[in-house]
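A.B. asks: could you work out the structure for the sequence below:
(one chain, ligands or ions: 1)
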Amino acid sequence: MSTDTPGSQSSLHRANLERVLRAVRMAGSLTQAEIARGTGLSAATVSNIVRELKESGTVVVADTSSGGRRARSVSLSGDAGIVVGVDFGHTHLRVAVGNLAHRVLAEESEPLDVDVSAQQGFDRAERMVERLLGQAGFPADKVIGVGLGVPGPIDQETGALGSTAILPGWTGVTPGQELAGRLGMPVHVDNDANLGALGELVWGAGRGLGDLAYIKVASGVGSGLVINGQIYRGPGGTAGEIGHITLDEAGPVCRCGNRGCLETFVGSRYLLNLLNANHPGELTLGRVVQLAQQGDLGCRRVIADAGRQIGMGVATLCNLLNPRRVILGGDLAEAGELVLSPIRDSVARYAIPSAARQLSVVPGTLGGRAEVLGALALVMSEMSETGVL
Ligand SMILES: [Zn+2]
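C.D. replies: Next comes the predicted model:
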């Protein structure tokens with residue numbers, strides 16, 4: 001750590017160095033001109049800093065072309081540090097190991113009923129992290145940090161799950177502490193929708209954007225909000241709980257205790273209930289999407305209606321935050337235009353026209369990997385530069 005007084009020449013240099021490193025780390029690779037634009041530093045300063053970082057082996061520089069002109073792309077060295085992502089969904093556990101140059105080195109997913117017991121889930125996660133680090137060929141002491149996603153809001157002050165109604169088997173568990181204690185590594189924790197937003201921002205359909213909302217529709221409905229390039233969480237971690245916007249105050253009782261929340265109309269349990277009577281056999285949301293794509297009229301109708309209702313939530317979000325892009329993730333996103341088109345119709349109908357005009361509604365490009373890749377990006381975003389320098 002630097003002990004220089006603020007404002008001195010060397011502390012300014014150090015701050016510039018950190019800005020360059022952070023910009024490169026979040027983008028994967030950038031040309032020197034892009035670094036200058038993104039950090040506001042002069043081309044000469046960027047050039048000096050890149051040379052210094054290259055000599056110390058922190059970054060690698062390769063020839064590339066940008067707009068037809070020769071340019072030099074800068075990325076972090078592959079052995080600058082290892083990051084781990086752990087994503088608990090309601091029905092799966094996914095783990096990835098990557099490096100700071102944005103390469104995923106090992107990744108695995110297993111089915112898991114997360115609601116049953118937190119301890120069982122953490123046992124499995126611990127073993128998977130150890131196995132994948134072995135596969136990637138890195139010892140535990142190369143790990144800079146672990147990003148952990150859980151399917152519920154995380155209180156930003158205590159690190160506890162904000163609502164035990166959503167994950168009854170996790171009552172009294174502080175997920176970040178639990179995993180950090182087991183692995184002996186620093187753990188950063190966030191809810192799955194925020195990580196999906198971060199994943200799509202850094203690796204997927206939101207690259208290069210500063211303002212977006214990621215909406216995940218699966219068992220529940222959640223959203224992650226990116227404002228000015230940062231995840232907006234709110235003090236209790238519940239910002240973006242779009243699934244609990246009231247659509248009908250006399251509607252079905254929601255797991256949050258309220259009635260007629262958006263989630264009670266579009267969460268998988270509710271959609272499957274609508275179809276159970278005339279679709280025998282075990283139905284999943286994935287199967288409903290498949291049947292809809294094969295022309296099943298009931299499934300198409302249920303998906304279209306869900307899209308219209310999601311669109312009402314998106315319209316509210318659009319009026320409040322004016323995002324540039326809404327990215328749909330989760331199982332329902334696999335339905336493509338069958339769900340996207342009714343969402344757009346509802347936005348056109350219910351949002352302020354000027355906010356709706358600027359908005360594009362697109363599917364995520366990462367599918368079920370969005371959250372675990374977001375967990376890797378969370379470590380990259382929260383880590384201090386001392387881990388690298
Ligand atoms: Zn609710």
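
A.B. asks: quick check: Ala377 touching Gly196?
C.D. replies: No. Under the criterion of Cβ atoms under 8 Å, Ala377 lies out of contact with Gly196, with a separation of 10.6 Å. In short, each C-beta sits where N, CA and C put it, glycine included.

A.B. asks: of those two, who's got more company?
C.D. replies: Residue environment comparison for Ala377 versus Gly196 gives the larger neighbour count to Gly196, 32 against 27, counting by other Cβ atoms under 10 Å.

A.B. asks: may I ask which helix or strand encompasses the more buried one?
C.D. replies: With elements taken from DSSP states H and E, the one containing Gly196 is helix 192-203.

A.B. asks: remind me what that helix packs against, helices and strands.
C.D. replies: Using 3 or more Cβ pairs under 8 Å, 6 or more residues apart in numbering; DSSP states H and E as the contact definition, the elements that helix 192-203 packs against are strand 82-88, strand 143-150, strand 212-217, strand 221-227, strand 230-232, strand 325-329, helix 370-382.

A.B. asks: mean confidence for that helix?
C.D. replies: Over the span of helix 192-203, the pLDDT mean works out to 95.

A.B. asks: next one: stretch 104-115
C.D. replies: The predicted confidence, averaged over stretch 104-115, sits at 90.

A.B. asks: Gly243 is in contact with Glu263, isn't it?
C.D. replies: Yes. Using Cβ under 8 Å, Gly243 and Glu263 qualify as a contacting pair, with a distance of 3.7 Å.

A.B. asks: anything in contact with each of those two?
C.D. replies: Each of Gly220, Val221 lies in contact with both Gly243 and Glu263 under the rule Cβ atoms under 8 Å, 6 or more residues apart in numbering.

A.B. asks: who has more neighbours out of those two?
C.D. replies: Neighbours were tallied for Gly243 and for Glu263 using other Cβ under 10 Å; the higher tally belongs to Glu263 (28 against 25).

A.B. asks: and the more buried one, what's its pLDDT?
C.D. replies: Per-residue pLDDT puts Glu263 at 95.

A.B. asks: how about the contacts made by it?
C.D. replies: By Cβ under 8 Å, 6+ apart, the residues touching Glu263 are Gly220, Val221, Gly243, His244, Cys254, Arg255, Cys256, Tyr270.

A.B. asks: again, but for Arg269
C.D. replies: Shown here is Arg269, whose contacts under the criterion Cβ under 8 Å, 6+ apart are Ser219.

A.B. asks: mind checking the SS state of it?
C.D. replies: Using DSSP: H, G, I helix; E, B strand; the rest coil as the criterion, the local structure at Arg269 reads helix.
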